[in-house]
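*Asks:* just need the structure, nothing else, for what follows:
(2 chains)
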Amino acid sequence: MIYLLSITSFAGLVVLLSAGLMISERFLVNYGVCKLDINAGEKPLELEGGQTLLASLYANDIFIPSACGGKGTCGHCKITVISGGGPVLPTETPLLTRKEIRSGVRLACQVKIREDIYVRIPSDLLNVKMFTATVESSVALTYDIKEITLRLEEPSEIFQRPGQYVQVQAPSPSGPEFRAYSISSPAHEPNIVQLVVRLVPGGIGSTYLHNLKPGDTVNFTGPYGEFWLNEDPSVEIVCVGGGAGMAPMANIIYTLYEKWPDRVCWLFFGCRTTKDIFYLEEFENLMKKRPNFHVVYALSDALEEGEKWDGETGFIHLSCDKHLKPGARRQAFLCGPPLMIEAVTRVLEEKGAEEIFYDEF
Amino acid sequence: MSETSAWVIFIAAIFTNNILLTNFLGMCSFIACSGQIKTSLGLGTAVAFVMVMTTIINYAIYHLVLLKFGLVHLQFIVFIAVIAAFVQLVEMFVERFSPKLYFALGIFLPLITVNCAILGASLFMIIREYSFTQSVGFGLGAGIGWAVAILMLAGLRQKMRYSHVPKPFEGVPIAMIITGVLAMAFMGFAGMVSIQ
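*Replies:* Take a look at the predicted model:
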């Protein structure tokens, strides 16, 4: 009896409190219709206040990158708020630099729309769309890396630059979350998007993608990313990748040789063991067709007994140091773990690279 | 039920029985938000307001529901639920009617929910068997006492911003030491009035 009474009275209290809160929320959190102005009149919107800026933009088909699902932890959803955003919140300050704060950069997921708001969004991001695609194939490249090919359904074409990425919508216990993956299919194949995904134990995105079967439907937004390939044919392109950091490189290389068959391009790829090697044959074939393309794979761990390897060994920055001659004009794109990027950046700066882009993970 | 007047309890809760400096309740936000006088004033006011309101609500719930139906064992969980809901309500109010204060308090406002001084005040009121007026006096006094204590610490910390604190004592350690000194100073009020 006492248990029943305890449970019912506590449940009753909680229901009463929640009902009270919901009623007061109805009356208190009501901001009416607010104006949302993007890029000084480029896209004026009117919407109900009270929601976050990120959610309102998503509702109006403007897909700002966001990996954490609006929790304020990834810092990807930075946009410039010119007026109407209120002061910077303590939840934002750890993810913003002082310079960004001064120029009005905010985390869209933390800004709540309370009044008319004026924002500036790079036009690149306004072109980002939500895509629906079906899985065409899912191929295991190594024991933990899969190549997943998606055929676009709606819209049926994507206009991407090499080095850009998409955000795949993956289901999770707390609602859908977005995870970023670089596009590995070249830009001249607009009907497909290929991803190279390493399985991260317990990872939301990679587990979802690895379990997809041909025919399954996938949603993603994109393309995102600030990388621009140097259009000057005399500039060498240097790609350095490690682990699963191959996707953007494949895209850059194939797009490059579609447009400029004679350009000089280096690909350095760091693996631990022979088990981690993939795409080597494809690149060796390309090397036969394009004499200015050079590919170097290096193994960082010692060989096991009975294994044969005639390529480089040691960390990848040592191979870069060995093969690249100083003096040439170079644009570099790095993709891999932070330590690798740090070491390779130092080598490339010594050799005089003009531009270095990187993608850390 | 004690016979002390509500007024005496109010004074005692601020000085001789300061909830922070004698019971050391609500230390986390006390240390974390005492960097500036302005924020600590805001937080102190918010805590005092929530404390007096929740003691009143919890008094009513305890005497009208829990005691009547023999559900005293539920007091902890019920009090916590009431405090959490009330803080939510206050947050909505402040956001609507004083956005400036809302932004100044920021994350600290929802943190009041887990300020143990607030739950402590409600529990003391039950343990010490206060009447309704006594409870109001105690809730108000304890809240103001907490606000006074955090204001004093904020003032002291602001004053010593440029003083040379030995390296290992910078930040929180010196704040703890100051709190200890403050608590000892408050012992000087002992004997002025007394409650249990």
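
*Asks:* for the stretch 101-250 of chain A, what spans make up the helices?
*Replies:* In the stretch 101-250 of chain A, the segments counted as helices under DSSP state H, counting those that start in this stretch are A:123-126, A:204-210, A:247-259.

*Asks:* residues contacting residue A:217?
*Replies:* By CB atoms under 8 Å, 6 or more residues apart in numbering or on different chains, the contact set of residue A:217 is A:132, A:133, A:134, A:135, A:153. From N, CA and C alone the C-beta is placed, and that goes for glycine too.

*Asks:* residue A:349: neighbouring residues, count only.
*Replies:* Using other CB atoms under 10 Å in any protein chain shown, residue A:349 has 11 neighbouring residues.

*Asks:* so it, which of the three states?
*Replies:* Following DSSP: H, G, I helix; E, B strand; the rest coil, residue A:349 is assigned to helix.

*Asks:* apart from its chain neighbours, what residue comes closest to it?
*Replies:* residue A:356 (7.5 Å; CB to CB, 6 or more residues apart in numbering or on different chains).

*Asks:* what's across from that neighbour in the sheet?
*Replies:* residue A:332 (DSSP bridges).

*Asks:* please verify my assumption that it contacts residue A:345.
*Replies:* Yes: Residue A:356 is within contact range of residue A:345, at 5.9 Å (criterion: CB atoms under 8 Å).

*Asks:* and for these two, which residues touch both?
*Replies:* Taking CB under 8 Å, 6+ apart as the contact rule, residue A:356 and residue A:345 both touch residue A:334.

*Asks:* mind checking pLDDT for the residue in chain B positioned nearest to chain A?
*Replies:* Residue of chain B nearest chain A, by CB to the nearest CB: residue B:85 (3.9 Å). Confidence at residue B:85, expressed as pLDDT, is 92.

*Asks:* can I assume it sits in a helix?
*Replies:* Yes: Residue B:85: assigned to a helix according to three-state DSSP.

*Asks:* residue A:20 is in contact with that one, correct?
*Replies:* Yes: with contacts counted by CB under 8 Å, residue B:85 reaches residue A:20, the gap being 7.0 Å.

*Asks:* for the helix or strand hosting residue B:144, buried residues please.
*Replies:* Taking DSSP states H and E as the definition, one finds residue B:144 inside helix B:132-159. For helix B:132-159, burial by neighbour count (16 or more other CB atoms under 10 Å in any protein chain shown) applies to B:134-154, B:156-157.

*Asks:* can you list the domain ranges for chain A.
*Replies:* What automatic domain parsing lists as the domains of chain A is A:33-125, A:128-224, A:236-360.

*Asks:* for residue B:169, find the nearest of the ones you listed.
*Replies:* Checking these against residue B:169 by CB to CB gives domain A:33-125 as the closest, at 25.5 Å.

*Asks:* state the mean pLDDT of the closest one.
*Replies:* Mean pLDDT, domain A:33-125: 84.

*Asks:* so which bits of the stretch 101-250 of chain A are right by chain B?
*Replies:* Residues of the stretch 101-250 of chain A found near chain B (CB under 8 Å from any CB of the partner chain) are residue A:114.

*Asks:* quick one, strands of the stretch 101-250 of chain A?
*Replies:* With DSSP state E, counting those that start in this stretch as the criterion, the stretch 101-250 of chain A has strands at A:105-107, A:117-120, A:129-140, A:145-154, A:165-170, A:177-182, A:192-198, A:217-224, A:236-242.
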